[in-house]
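Peer 1: model the structure of this input:
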Amino acid sequence: MSQSLDRGLTLLRAMADGRKTLDELAAVIDVHKSTVLRLLRTLEEHRFVQREGVRHYRLGTALFDLANRALDDLDVRRAAESALRDLNLETGHTVHLASYEDGEVVYIDKYDSTHPVRMYSRIGRRAPLHCTAVAKVLLAERPEAPEIAAGMEYPRLTANTITTPADYLAELALVRQRGYAVDNSEHEDFIHCVAAPVRGQRGQVIAAVSLSVPKVFLDYDGLIALVPRLLATAAAASTECGWTGDERMAGGQG
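Peer 2: You can find the predicted model right below:
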């Protein structure tokens with residue numbers, strides 16, 4: 001990768017955390033401010049960066065346009081849209097669609113709940129691997145799951161967070177056995193979640209759909225009572241993605 005391209009991409013990543021001054025951006029890539037200014041002017045011409053006031057720079061509208069086009073190009077997102085929207089309208093709870101990409105779980109679609117308590121998540125945000133239901137679904141059938149689990153970090157976020165590779169792999173085995181995953185307030189102590197796999201044409205898990213509910217609105221038993229509706233949604237989305245429902249094909253994936 002050329003040095004200028006590498007520096008430009010690093011600047012964009014830095015601004016993803018919020019607006020930055022010229023001095024702050026120069027410190028990020030450890031070059032003189034004049035070099036940063038040249039890069040910013042080029043990025044600004046293409047609308048990847050926008051100047052805010054006299055001193056600050058932030059991400060520009062071209063990036064959001066590219067992100068939306070990339071998301072629209074994801075067949076699973078487009079194929080699952082109707083089923084996910086129906087689930088959201090029927091339950092009133094937050095619905096997520098997530099995929100596994102290059103070692104990370106990323107939210108690729110979201111339908112907000114009708115409750116006043118909203119999820120912190122957003123499209124494009126990464127989901128922690130060790131404590132979210134979508135991550136468990138996406139990793140459960142991957143043959144490299146033991147290696148992934150061994151290399152993961154397990155920060156304790158709540159009293160229920162899984163903190164060891166052995167416990168995590170046991171959880172993945174349970175996901176394979178029952179066909180869905182649970183986040184029992186492992187990520188945030190006031191929210192719990194269930195997730196199910198969306199399968200592709202060969203039966204492989206290509207995405208995970210989830211329902212997330214604040215505990216104040218629904219207790220654990222109430223959450224589990226929603227699993228049949230969630231599984232029906234995942235099955236409908238899988239059908240749209242080309243899965244015929246042949247369990248023999250799915251079973252060969254892990």
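
Peer 1: any idea how far Phe48 is from the residue of the chain most remote from its centre?
Peer 2: Most distant from the centre of the chain: Ser34, at 36.9 Å, with distances by Cα atoms, centre = their mean. Using Cβ to Cβ, to the nearest Å, Ser34 is found at 19 Å from Phe48. Bear in mind the C-beta positions are built from the backbone N, C-alpha and C, glycine included.

Peer 1: need the strands for the stretch 51-200 of the chain, in chain order.
Peer 2: 56-59, 94-101, 104-111, 126-127, 181-183, 191-199 (DSSP state E, counting those that start in this stretch).

Peer 1: and the nearest residue to Arg58 once chain neighbours are set aside, what pLDDT?
Peer 2: Sequence neighbours aside, Arg19 is the residue nearest to Arg58 in space, at 4.1 Å (criterion: Cβ to Cβ, 6 or more residues apart in numbering). For Arg19, the model assigns a pLDDT of 88.

Peer 1: give the burial count for the nearest residue to Asp75 once chain neighbours are set aside, as a bare number.
Peer 2: The shortest distance from Asp75 to any non-neighbouring residue, by Cβ to Cβ, 6+ apart, is to Cys241 (7.0 Å). For Cys241, the count of nearby residues is 19 (other Cβ atoms under 10 Å).

Peer 1: same deal with the one 4 residues further on?
Peer 2: Taking other Cβ under 10 Å as the neighbour definition, Gly245 ends up with a count of 11.

Peer 1: over to Ser2?
Peer 2: Close neighbours of Ser2, defined as other Cβ under 10 Å, add up to 7.

Peer 1: measure it to Leu226 for me?
Peer 2: Taking Cβ to Cβ, one finds Ser2 at 50 Å from Leu226.

Peer 1: for the residue nearest to Arg58, which residues are in contact?
Peer 2: Contacts for Arg19 (Cβ atoms under 8 Å, 6 or more residues apart in numbering) come out as Glu52, His56, Tyr57, Arg58.

Peer 1: hmm, which of the residues you listed is lowest in pLDDT?
Peer 2: Among the contacts of Arg19, Glu52 has the lowest pLDDT, at 85.

Peer 1: on the three-state scheme, Arg202 is what?
Peer 2: With DSSP: H, G, I helix; E, B strand; the rest coil as the basis, Arg202 sits in coil.
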